[in-house]
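> My questions are about this predicted structure, shown below with the sequence.
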Amino acid sequence: MKRESFSSRLGFILVSAGCAIGIGNVWRFPYVAGENGGGVFVLFYLLFLLVMGVPVLTMELAVGRAGRSTAVGAIKALEKPGSKWHIHGWVGAVGCLILMMYYTTVAGWMLGYFIKFLSGSFDGLDVTAVNSVFDQMKANPGEMLLWLALIVLAGFIVCSFGLQKGLERISKWMMSALLLLIVVLAVNSALLPGGGEGIRFYLLPDFSRAMDMGLGKVITAAMNQAFFTLSIGIGSMQIFGSYMSRDQALTGESVRICALDTFVALMSGMIIFPACFSYGVSPNAGPPLIFQTLPNVFANMAGGRIWGTLFFLFMTFASFTTVIAVFENLMATCMDNFGWSRKKATLANLALVLAASVPCVLGYNLWSGFTIGGKNILDMEDFIVSNVLLPGGALVYLLFCVSKWGWGYDKYITECNTGKGIKLPNAKWMKIYLRYVLPVLILILLVQGLM
């Protein structure tokens, strides 16, 4: 069976960026930046994105493009006879499933808040009432299951149409709308009275503030965020390498994906921080920032219902582009390894993801007393993916690409630099960095995450 491919280079970049752009950018990035003092955190985030994120992203794409399959088949095609590197492909597929077991719930929250703002549910509510909306939603398993089911059903319907007619076509439309929305929202926030103070907090590095918070803590948080924002390590990006042409060098494409991903993350902060400062809200509110702090800002803002609706439409698009990208990976894994048709892969994975996502929903209500190591079900699933599978998987891809026991450095660098555009320097210092320095940085992340 002929392998599907993207209809255009733009399609590849938007779909891949859509996979990377998600809750990590639009929810996690702003609140982590707020907790870590703003400007200095952002500076180190950009640095680590360049020195850690881009190289590992080229590796996932290189394995996909050279192996022309999902992770299991691609690694098996490239590894030395008798090697077992391809087992990581199955680990990655399980990682994608675990990611969707809770990511679909959070995407459902975004959709739910979009509908609530659109219907005027927040109109006239005071601070306490606005804060209670989120708690009431989490306490209602029926409502949460409804939003979750709508996200999952819509995602698999899109993927059922195939790569070009489904995933690529919808991602192009949604990413274009997302980029337009984010600019409109950011301009509106920047023009709010007192918004300039929020922009200064966010973008101007203040090392004295960073030192007060602990410079080491700020740097480590930036390294974590830069790494996790790209979703590298579980093969969710690698699948798109397998659909690529060989016309463009992978470093240039990786830089473009990172640039789009970073633009959305930075602009999310441009929406949130001016609004927080304008309305006297603390920017270090942590995870509740999106669902409790910001709705209060919108509730008090002129035209707040419109701005709240647009903001959560943007959030829904950002999370949904990741959902359909990971769904495509799950389906392609079944098609490539079991010989299933796209229709069979769609129906089987639809049933699996729906069933597997239910515990996360129930963890907030009927099963709220159930915890593992003090974490509820969503937090535990997120811990497994974010702290174990993403850094651990990235380390596997890195070692596979640069060690003599894996695919090998020379083969990786040749694949990476095939095509036009920006190329990775094939120099001794780069080889030393990728073989000895980068593995240590990722290992530090992994150990720290486990601790």
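Nice, I can see it.
> Residues touching the least confident helix or strand in the chain by mean pLDDT, excluding its own?
Least confident helix or strand, the chain: helix 23 with a mean of 78, by mean pLDDT, DSSP states H and E. In this structure, residues lying in contact with helix 23 by CB atoms under 8 Å, 6 or more residues apart in numbering are Tyr103, Val106, Ala107, Ala318, Ser319, Thr322. For glycine as for every other residue, the C-beta is placed from the backbone atoms N, C-alpha and C.
> Next, the buried residues of the single longest helix found in the chain.
The longest helix of the chain (DSSP state H) is helix 304-338. Neighbour-count burial for helix 304-338 flags 304-305, 307-337 (criterion: 16 or more other CB atoms under 10 Å).
> I'd like the next helix or strand past that helix.
helix 342-362 (DSSP states H and E).
> chain center to that following helix: distance?
Here helix 342-362 shows a centroid-to-chain-centroid distance of 20 Å under the convention CA atoms, centre = their mean, to the nearest Å.
> now do stretch 188-201
26 Å.
> Check the separation of the first and last residues in that stretch.
18 Å (CA to CA, to the nearest Å).
> how about it: buried residues?
Asn188, Ser189, Ala190, Leu192, Gly195, Gly198, Ile199, Phe201.
> Report the contact partners of the nearest residue to Leu350 once chain neighbours are set aside.
Among residues not flanking Leu350 along the chain, Phe156 sits closest, at 4.5 Å (CB to CB, 6 or more residues apart in numbering). By CB under 8 Å, 6+ apart, Phe156 lies in contact with Phe327, Thr346, Asn349, Leu350, Val353.
> Also Ile444?
By CB under 8 Å, 6+ apart, Ile444 lies in contact with nothing.
> is it fair to say Met288 lies in a strand?
Small correction: residue 288 is Pro, not Met. No - counting by DSSP: H, G, I helix; E, B strand; the rest coil, Pro288 falls outside a strand, being helix.
> Tell me who's in contact with it.
Residues counted as contacts of Pro288 (CB under 8 Å, 6+ apart) are Phe134.
> Could you do Ala74 as well?
Neighbour list for Ala74: Val63, Gly64, Ala66, Gly67, Arg68, Gly89, Gln238, Ser242 [criterion: CB under 8 Å, 6+ apart].
> again, only this time at 10 Å
Counting by CB atoms under 10 Å, 6 or more residues apart in numbering, Ala74 makes contact with 60, 62-68, 86, 89, 235, 238-239, 241-242, 336, 407.
> Whichever of the residues you listed end up buried, select them in ChimeraX.
To isolate the buried ones among these in ChimeraX, judged by 16+ other CB under 10 Å, type:
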select :60,62,63,64,65,66,67,68,86,89,235,238,239,241,242,336,407
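> To what extent is Ala351 buried, counted in neighbours?
By other CB atoms under 10 Å, 12 other residues sit near Ala351.
> Do I have it right that Met380 meets Trp367?
No - applying CB atoms under 10 Å as the test, Met380 and Trp367 come out as separate, 11.9 Å apart.
> With adjacent residues omitted, what lies nearest to Met301?
Nearest one to Met301, counting by CB to CB, 6+ apart, is Trp307 at 6.0 Å.
> how near is the one you found to Leu185?
Distance, Trp307 to Leu185, using CB to CB, to the nearest Å: 7 Å.
> Quickly list what's touching both of these two.
The contact lists of Trp307 and Leu185 share Ile271, Ala275, where a contact means CB under 10 Å, 6+ apart.
> Tell me which of Met380 and Trp367 has more neighbours.
Between Met380 and Trp367, Met380 has the larger neighbour count (other CB under 10 Å), namely 20 against 16.
> which phi and psi does Lys420 have?
Note on Lys420: backbone dihedrals following degrees, to the nearest 10 are phi -90, psi 160.
> Please disregard the earlier target; I meant Val385.
Note on Val385: its backbone torsions stand at phi -70, psi -50 [degrees, to the nearest 10].
> and if you look at the one 4 residues further on?
Dihedral angles of Leu389 (phi, psi; degrees, to the nearest 10) stand at phi -70, psi -40.
> The residue nearest to it when sequence neighbours are not counted - how many residues pack around it?
Distances taken as CB to CB, 6+ apart put Gly95 closest to Leu389, at 4.0 Å, once the chain neighbours are dropped. Gly95 is flanked by 26 other residues according to other CB under 10 Å.
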